[in-house]
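A.B. asks: Fold the stuff below for me.
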Amino acid sequence: MNENTSTPAPCSAAPDRASVLIVGGSIVGVSAALFLAARGVTPILVERHTGVSPRLRAKLFYPRTMEAYRAVGAADDIYAIERERPRSEYAAVVESLAGAEIRRWRLPAADDYSAISPCQGAMVKQGDAERVLRMRAAADGADLRFGHHFVDCEQTGQRVTARVLDDRGVPYTVEADYLLAADGSASAIREGLGIARSGNQALASSMELTFTADLRPLLDGRALALAFADHPGRPFISWTTSQDAGTVSVGYDPATMDTDTAFAPDRCQAIVSAALGLPTSGFQITGARPWQMGAWVADTYRVGRVFLVGDAAHVCPPVGGFGANTGVQDAWNLTAKLVSVLRADAGERLLDRYETERRPVAELTARQAVQRMAGPREHAAGSGQSLSEAAVAVGYRYPAPVTDAVAPCAEAPLPLADEPERWRGEPGTRLPHIPLAEGTNMGSSTLDLVRGGRHVLLIGRQGRTWAQAAQTLDPDRALLDTVVLTPQILAPGSSFADRCGIGEDGAVIVRPDGVVSWRSVHRADAPCAALETALRQTMQR
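C.D. replies: Predicted coordinates:
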């Protein structure tokens, strides 16, 4: 897997060493670096660009993503940026940005999620979020090497050895236990490994016309985040959160359209002018870039010690704002497993679950995004069940084998995704958010009880035999935190047992990524044996 046409000079110095090497420093790569560093694993990240991409990319971050950032101390900084920017909660179909709105709707990421999460969604530009994550990751000790160019790598049964060019073009090597390929949809690492993709790699084509303009007079008081112009090609209008630049993306058919003619400079001026509703003197076009929309998933997420994350593993249309969120959740899932393995808490086989858990989620997400391409708030007929954005981005379930002592032989298979409030602690689902009482120093949500990359045993108020079993099996608390959720810990009116589908003497084990891995409806006759079996299955020992 070689990104360079010339062969770098051999490296004479001893290789740099890291437990994890991350290739790619956009939102997914830098999130992975932060998730690892915050849990005491120091990664090396290499990214060939020195700065944050100026392209307009994601700006909708769903609560499950913000929960991950909250767990590593970055969420408040992202929310602070959001508060500094003009409100942007709605999308609209418009005659032009300066003209009348034909219809508008509230973006799902801006909905009130307080009933299911301690976090609201965040409406911030991806570049702003990346700056926060870079700062946080570096402060936690991550070795971030921007301007460094990954060349290729080889792996043995014990390690991955990568060749890299530093910011002066000097070659060096990095040895790592594992490599995370976060190098985007055109991933050289994926291609070098010969990993194929399933899906549609050319779903639609569009031309991105970037511009600078003062959009504040057009957007003042409207709380718009994006808009679609009701013109041929359905131009999509997006802009920076500072409202001084943006992009008009217009669809075209490359088989029937000559782009040199269709997007000649005067034609580009006319397209942007019509979409914005401004005279040509009111903006300046700064670039034109063809872009091909795809909906595909890599056929495998892992080859040996190399893992694909983010756009290297899957791509979906931007409708719904799922892409970046799905990639961040890849990183959240995989880094939790890597930390457990590197700490020797879990067996190497735990890493096999990454693909079996995350790949079905990517397939579901891509299908749901394609359905939404028929138009804003419209779905293609006959394309399968349409799920809400909350179900897709928050309420998915991991289908990997897990233990459920509540319903080991369910009559009907559980769905891959559902409305978050419908889940009741089924293994493979996210731990339900249950408010905690003020003044407990444990946080404000049950999700805050999952700390530092550790597993936690949460116990109903009458289930102290589970706590005794945990003390017997793990007297030094090396593997497992234990919390008995008494009425004094929970906020008034909250019920842990009801929300997790267990009795007051039941218990659940929650993984470091906030996912339930096991539950028991009541106390067991032999709690030590039951808990030992559950831990062995959870840790893949």
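A.B. asks: Contacts for whichever strand or helix holds residue 83 next, please.
C.D. replies: Per DSSP states H and E: residue 83 is located in helix 75-84. The contact list for helix 75-84, computed with C-beta atoms under 8 Å, 6 or more residues apart in numbering, reads 61, 66-67, 69-70, 119-120, 122-124, 128-129, 132, 135-136, 241. (Each C-beta comes from the backbone N, C-alpha and C, glycine too.)
A.B. asks: Buried residues, the helix or strand just after it. List them.
C.D. replies: Using DSSP H and E, the helix or strand that follows helix 75-84 in sequence is strand 90-94. If you call a residue buried by 16 or more other C-beta atoms under 10 Å, then strand 90-94 has these buried ones: 90, 91, 92, 93, 94.
A.B. asks: neighbouring contacts of strand 90-94?
C.D. replies: Against strand 90-94 from outside (C-beta under 8 Å, 6+ apart): 100-107, 110, 222-230, 237, 376.
A.B. asks: Can you name the residues bridging to residue 295?
C.D. replies: The residues listed as beta-bridge partners of residue 295 by DSSP bridges are residue 200.
A.B. asks: Could you report the neighbour count for it?
C.D. replies: 21 (other C-beta atoms under 10 Å).
A.B. asks: and if you look at residue 467?
C.D. replies: Quick note: residue 467 (other C-beta under 10 Å) scores 16 neighbours.
A.B. asks: and it, what helix or strand is that in?
C.D. replies: helix 464-473.
A.B. asks: between whichever helix or strand comes after that helix and helix 464-473, how big is the angle?
C.D. replies: For helix 464-473, the succeeding helix or strand toward the C-terminus, using DSSP H and E, is strand 480-484. With axes from the mean of the first three to the mean of the last three C-alpha atoms, to 10 degrees defining the directions, strand 480-484 sits at 160 degrees from helix 464-473.
A.B. asks: For strand 480-484, which helices and strands make contact with it?
C.D. replies: With contacts taken as 3 or more C-beta pairs under 8 Å, 6 or more residues apart in numbering; DSSP states H and E, strand 480-484 sits against strand 455-459, helix 464-473.
A.B. asks: Can you tell me the centre-most residue of the chain?
C.D. replies: residue 328 (2.2 Å; C-alpha atoms, centre = their mean).
A.B. asks: name the helices or strands packed onto the helix or strand containing it?
C.D. replies: In the assignment (DSSP H and E), residue 328 maps to helix 323-342. Counting contacts by 3+ C-beta pairs under 8 Å, 6+ apart, helix 323-342 is packed against strand 16-23, helix 27-37, helix 63-71, strand 171-181, strand 314-315, helix 353-371.
A.B. asks: Nearest to residue 205 among these would be which one?
C.D. replies: strand 314-315 (14.2 Å; C-beta to C-beta).
A.B. asks: what's the average pLDDT for that closest one?
C.D. replies: Strand 314-315 comes out with an average pLDDT of 97.
A.B. asks: Any idea how far stretch 354-369 is from the middle of the chain?
C.D. replies: The chain centre lies 12 Å from the centre of stretch 354-369; the measure is C-alpha atoms, centre = their mean, to the nearest Å.
A.B. asks: Equivalent analysis for stretch 281-297, please.
C.D. replies: Taking mean C-alpha positions (C-alpha atoms, centre = their mean), stretch 281-297 and its chain are 23 Å apart.
A.B. asks: Over to stretch 109-127?
C.D. replies: With C-alpha atoms, centre = their mean, you get 13 Å for stretch 109-127.
A.B. asks: How about stretch 212-229?
C.D. replies: 27 Å.
A.B. asks: Right, I'll call it a day here.
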